[in-house]
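>>> Quick one, structure for this:
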Amino acid sequence: MDISEETRGGVLVVTASGRLDSNTASVLQAMLPTRVQSNPATILDLAEMAYVSSAGLRVLLIAAKAARSNGHRLVLTGLSDSVREVFDISGFTTIFTIEADVDSGLAALA
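Next up, the predicted model:
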């Protein structure tokens, strides 16, 4: 998994690509919760994420809780059909704000 970060309009945009599974989840878990705690608004762009397992969902849930505990917002963007299906089945679509792309995520946070 590859992870990059940039700031756009005061919003931290974290882009993750590849697979988010038991082999790679620890990489995202090591950085995402601290980023969402220290930034009032964060977008996690998953447009290049091919697969998310239950281990990956766990990391995202930890990040969502970290954001909410500080009154911060976390928006997910760019979910592929297969990743969106995992979110639908697991009920995670009710936990997260999900937008089509980063620009839509920025608008949702404005």
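>>> got the contact list for Val52?
19-21, 46, 60, 83, 86-87 (Cβ atoms under 8 Å, 6 or more residues apart in numbering). In this view, the C-beta of every residue, glycine as well, is placed from N, C-alpha and C.
>>> Can you name the residues bridging to it?
Leu20 (DSSP bridges).
>>> the helices in the chain, which residues?
Using DSSP state H, the helices found in the chain span residues 25-38, 54-69, 81-90, 102-109.
>>> between the contacts of Val52, which is closest to Glu6?
For the contacts of Val52, the closest approach to Glu6 (Cβ to Cβ) belongs to Leu46, at 15.3 Å.
>>> Report pLDDT for the nearest residue to Gly18 once chain neighbours are set aside.
Nearest residue to Gly18 in three dimensions, chain neighbours excluded: Met1, at 3.9 Å (Cβ to Cβ, 6 or more residues apart in numbering). pLDDT, Met1: 91.
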